[in-house]
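K.L.:
Model the following, please.
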Amino acid sequence: MARIVIAGSMNIDILSTMKRAPRAGETVNGDTVAFMPGGKGLNQAVAAAQLGGEVAFVGRLGRDAFGDQVEAFFREKGIDTGHIVRSTAQPTANAIIFVDGTAENRIVVIPAANGETSPEDVATVAIAPGDVLVSQFEIPRTTIAAFFRRGRAAGARTVLNAAPALDDAPADLWLDTDILVVNETELGHFAGASVAADAPVVQVADAARRLFRRDGQTVVATLGARGAVAVAAGGEVLVPGRPVKAVDTTGAGDCFVGALAARLAAGDALPEAMRYANVAASIAVTRVGTGTAMPTADEVAAALAGA
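P.N.:
You can find the predicted model right below:
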């Protein structure tokens, strides 16, 4: 099976649950607080590893207790940590997460060491033909561009989760992306068009096509409980979601990306990989947390058998 190589972010999430989030100038009582490994890159790596993928990670942590906690968590999951660098100037990143009684979340990220992840960091990790490379917008764009450039030259497949949608990406990064994964908000941002959460699939597809930069690219738009749609030059494929009662949606998109990468590395066609990823994400949202909420392959297999 091909390997999954992820260049991305690692945080310690400070997650607080409450009946409702505070308004500006307001203080509310919370229900719980927890310190958990997180960050988009970490979540995606853990999801891929727990679903059977062979995963290597490239990124930066601080020389602190939080960094020790993250690295130990990765080793526990069987993830290759040989390309994780410990920063001498920045602490391990944090995300402060509020989850309200409706399972909606609000997140503030302090990038810290993630912001130091450099093109030199991605220059030495082994990449083979058929490998699946994954990144997200929580490390510098120039680093992702260098990573994907190496990957494409080596015959790997590149998967970009363009989140968070803070600013535009370098043109060469779009060109070196094989599969772009976005939610409705991110799709609207990069396409320059408003895409509502309940937008018809045809509208989602029209917006997605604005992001094509070369032949052979695919945009996968995640649609929450509705599932996900893959848009390519030849048309679009909608893969319906799996209805569940959500408890915490924070890591759903990351679980989807990690599961998608795991199944692509295993040789699945994109629609089958998306179906699997939808089910994996539907399990993750029934739990509180991000990296610690990712399902196992046995759990996804059981859910698929009962679908």
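
K.L.:
Which residue, neighbours along the chain excluded, lies closest to the residue nearest in space to the middle of the chain?
P.N.:
When Cα atoms, centre = their mean is applied to the chain, the residue found nearest the centroid is Asp254 (3.2 Å). Counting by Cβ to Cβ, 6 or more residues apart in numbering, Asp254 lies nearest to Asn43, which is 3.5 Å off, once chain neighbours are set aside. Where C-beta positions appear, they are placed from N, C-alpha and C, glycine not excepted.

K.L.:
Need the three-state assignment for the one you found.
P.N.:
Classification of Asn43 by DSSP: H, G, I helix; E, B strand; the rest coil places it in helix.

K.L.:
quick one: it from Ala193, how far?
P.N.:
28 Å (Cβ to Cβ, to the nearest Å).

K.L.:
circling back: from what I can see the residue nearest to Asp254 touches Ala281, true?
P.N.:
No. Asn43 is not in contact with Ala281 according to Cβ atoms under 8 Å; the separation is 10.9 Å.

K.L.:
Identify the contacts common to those two.
P.N.:
Applying Cβ atoms under 8 Å, 6 or more residues apart in numbering, one finds that Asn43 and Ala281 are jointly contacted by Cys255.

K.L.:
all helices for this protein, in order.
P.N.:
Under the criterion DSSP state H, the chain carries helices at the ranges 40-50, 65-76, 141-154, 171-175, 184-191, 201-209, 252-265, 270-284, 297-306.

K.L.:
export those helices to JSON lines and tack on distance to Thr88?
P.N.:
Shown next, in JSON lines, are the helices of the chain (distance: least, Cβ to Cβ, whole Å):
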{"stretch": "helix 40-50", "distance to Thr88": "21"}
{"stretch": "helix 65-76", "distance to Thr88": "12"}
{"stretch": "helix 141-154", "distance to Thr88": "18"}
{"stretch": "helix 171-175", "distance to Thr88": "28"}
{"stretch": "helix 184-191", "distance to Thr88": "33"}
{"stretch": "helix 201-209", "distance to Thr88": "42"}
{"stretch": "helix 252-265", "distance to Thr88": "28"}
{"stretch": "helix 270-284", "distance to Thr88": "34"}
{"stretch": "helix 297-306", "distance to Thr88": "38"}
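
K.L.:
want to throw the ones you listed into TSV with distance to Ala225 and mean pLDDT?
P.N.:
TSV is the format used below for the helices of the chain (distance: least, Cβ to Cβ, whole Å; pLDDT from 0 to 100):
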stretch	distance to Ala225	mean pLDDT
helix 40-50	19	97
helix 65-76	29	97
helix 141-154	29	97
helix 171-175	29	88
helix 184-191	12	92
helix 201-209	14	90
helix 252-265	10	97
helix 270-284	9	96
helix 297-306	15	93
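
K.L.:
Mind checking the ones you listed for the one nearest to Gly227?
P.N.:
Closest approach to Gly227 among the helices of the chain (Cβ to Cβ): helix 270-284, 5.4 Å.

K.L.:
from the chain's centre, how far out does that closest one sit?
P.N.:
Offset of helix 270-284 from its chain centre (Cα atoms, centre = their mean, to the nearest Å): 13 Å.

K.L.:
Give the buried residues for it.
P.N.:
Neighbour counts over helix 270-284 (16 or more other Cβ atoms under 10 Å) mark 270, 273-284 as buried.
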